[in-house]
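Trainee: This is the structure alone, sequence omitted:
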């Protein structure tokens, strides 16, 4: 075994110092270690020559390793004594201070035993070369191989520390590199030779940042500034930009000022700072409150929206307990939810949502939804973070939706026509709900057909192709308005089927099918067509059989007038003309009773003007109230309807009668006059055949009007006009009648 190496271990705690000393002796038998407590002093230990190296802690309570180094060099008379800083602390600032102070070695303390082995290796390397007695020994310096002259980096101990550093180390004089370690060369992407022999500081700095860095180095070299930290953008050999942080200091070990520094690539940190800044901007501009509470429930962070909604400035809410904005019940609920999260498996439940009432600075209560997430470290609860959303408008909207849903449900239930709510599945409407009218008309209770195919329940056999075509039309987004035959429990019935979609361009499609029972109407329609056919046949016979004798009578009357002069001949002529009028009216009545199966868009304005020109333009005045719409009708029969209504007004009113025509909403029109009107007790008889109050009336004019109305599927009512005259209102029947 070689010569013993004496080591002094200095720590703030005697136990830690002893542990370090024993570890060194166990690892290396040549090491003989003694200990000292920093606060008690150790000048007596250093007074002899038995100590070859001093190992000093730094990150322990009550100890400053660099301060002890200064005392050793200045006060204890041992400036040449190797000094090893043994600490768990690691920062650019500490490394910079250590190099500047002349620390021989920097060894990082870790929980593993390997750190003591590394410490022993460094101590042995420092103590190996001892050519002279310790009292006479000086630190050896050798000329630089690149410049041929001495520099501060030619100090063997300083160079060893720089070479072993994981941070870039450089020495700069007059903007030229005098020394760079391997780590700095790797950061910049160059070899050490390229940096020392071919490049200067400006070459590795982004052009826009060069003036500032050059000024900083010059001021540092001239000892004109105290700030050791400077950041700039560096340029690697491959041209990529990196963010660089430099800590430097002026040294004058050889009589020539130089700048010794540590360079760190902080590009990842800058990227994280940028992301953090973006995150903070996102959080502060979020439309919801974002907050953080410590373990005691006090605010550590509130974003701008939180300040806006609560009405508190940041300085008044940060550090305050959450009870500032929550009542006791809300706090108790929050504690219960936090405990639930603590008790649960973090993988299955990481957050919790619940409703709270937030109280603002002015006392206003805002309903909110809170979503909380726990902050834990090593399973220890450190507080919560969360998002709070103002749901007052949402609650108002939900209340409106509930009201609308209730109103719609009431409407759905009280529609007098059978109605089905359906959903299209596999190309067929499936029953989701039916109203009471459906159950009564079809005879199927809702629970019996719920979820079943509607076609399978009410579609008669042999109509599959028609039903499939309708279903395909609905699936493509179309609506239906068609007459269909469907099976009820009482037999087949005729309906007018209308559909209305709830969802548009979505899958699956939902909607309503409304079945208006047309069975009785269809029966009346068939009966009316049968009667009209009979009437037309009868009218044709009557017209044919009566016109010939009527023509003979008219001819004989002309001969009689030539041979005789009698007042009775005029009465005969009037009677013959009345018979001609009756024949024409009977034929018109027969023709107008036919069902209008193919109505076409017809301009009411044009029809009204034509009818007035024929029926009464010289006997009264026509007034049109507002614009007249276009309606679906048989234009010829519609004109006949207006002609008869106009004649009726002229025949039963005073000379110069005023007839007014106007619209009844979008589904009807009216005709009224300013005559004496029709008494209520006689209104039920005005459409009877032969009924007329005019002296020469046939009693068929209003019958023809009613026949035309029914042929179109409309309805006609008689009421009082605006000025007391007769008013005829014609409109489509209501779907709820």
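Mentor: Perfect, I can see it now. Not measured: the values here are computed from a predicted model.
Trainee: Going along the chain, name the strands of the stretch 451-600 of the chain.
Mentor: 481-488, 491-501, 510-517, 600-603 (DSSP state E, counting those that start in this stretch).
Trainee: next one: the helix or strand following the shortest one to chain centre, how far?
Mentor: Toward the C-terminus, strand 600-603 is succeeded by helix 604-615 as the next helix or strand (DSSP states H and E). With CA atoms, centre = their mean, to the nearest Å as the basis, the distance from the averaged C-alpha position of helix 604-615 to the chain average is 58 Å.
Trainee: and after helix 604-615, which helix or strand comes next?
Mentor: Downstream of helix 604-615, the first helix or strand assigned by DSSP H and E is strand 620-625.
Trainee: What pairs with that following strand, parallel or antiparallel?
Mentor: strand 657-663 (parallel) (DSSP bridges).
Trainee: Could you tell me the angle between the strand it pairs with and helix 604-615?
Mentor: On the basis of axes from the mean of the first three to the mean of the last three CA atoms, to 10 degrees, strand 657-663 is oriented at 160 degrees to helix 604-615.
Trainee: how far is strand 657-663 from where the chain is centred?
Mentor: So, by CA atoms, centre = their mean, the centroid of strand 657-663 is 56 Å from its chain's centroid.
Trainee: Same question for stretch 661-672.
Mentor: Taking the mean of its C-alpha atoms, stretch 661-672 sits 47 Å from the chain's own mean (CA atoms, centre = their mean).
Trainee: Give me the neighbour count for the residue lying closest to residue 683 once chain neighbours are set aside.
Mentor: Once flanking residues are discounted, residue 683 sits nearest to residue 718: 4.4 Å by CB to CB, 6 or more residues apart in numbering. In short, each C-beta sits where N, CA and C put it, glycine included. By other CB atoms under 10 Å, the residues close to residue 718 number 17.
Trainee: try residue 684
Mentor: Counted with other CB under 10 Å, the neighbours of residue 684 add up to 9.
Trainee: element containing it?
Mentor: Counting by DSSP H and E, residue 684 is found in no helix or strand.
Trainee: quick revisit: would you list the strands of the stretch 451-600 of the chain in a markdown table and tack on mean neighbour count?
Mentor: Putting those into a markdown table (neighbours: other CB atoms under 10 Å) gives the following:
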| stretch | mean neighbour count |
| --- | --- |
| strand 481-488 | 16 |
| strand 491-501 | 16 |
| strand 510-517 | 20 |
| strand 600-603 | 12 |
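Trainee: Dump these into TSV; add distance to residue 688 and mean pLDDT as well.
Mentor: Shown next, in TSV, are the strands of the stretch 451-600 of the chain (distance: least, CB to CB, whole Å; pLDDT from 0 to 100):
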stretch	distance to residue 688	mean pLDDT
strand 481-488	31	91
strand 491-501	29	89
strand 510-517	29	90
strand 600-603	29	92
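Trainee: Which of those sits closest to residue 32?
Mentor: Evaluated over those, closeness to residue 32 peaks at strand 510-517, with 91.2 Å, by CB to CB.
Trainee: tell me the angle of that closest one relative to strand 491-501?
Mentor: When the same axes, to 10 degrees is applied, the directions of strand 510-517 and strand 491-501 differ by 140 degrees.
Trainee: Neighbouring strands - and their directions - for strand 510-517?
Mentor: strand 419-425 (antiparallel), strand 491-501 (antiparallel).
Trainee: Turn those strands into JSON lines, columns for distance to residue 119.
Mentor: Converted to JSON lines, those look like this (distance: least, CB to CB, whole Å):
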{"stretch": "strand 419-425", "distance to residue 119": "77"}
{"stretch": "strand 491-501", "distance to residue 119": "81"}
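Trainee: surely the residue nearest to residue 683 meets residue 682?
Mentor: No: Residue 718 is beyond contact range of residue 682, at 9.1 Å (criterion: CB atoms under 8 Å).
Trainee: Outline the domain layout of this protein.
Mentor: Under the assignment automatic domain parsing, the domains of the chain span 5-128, 152-270, 285-390, 399-517, 523-592, 600-731.
Trainee: Considering those domains, which stretch scores lowest in mean pLDDT?
Mentor: For the domains of the chain, mean pLDDT drops lowest on domain 523-592, to a mean of 70.
Trainee: For the helix or strand hosting the residue nearest to residue 683, name the packing helices and strands.
Mentor: Per DSSP H and E, residue 718 falls inside strand 715-720. Here strand 715-720 touches helix 701-711, strand 726-731, going by 3 or more CB pairs under 8 Å, 6 or more residues apart in numbering; DSSP states H and E.
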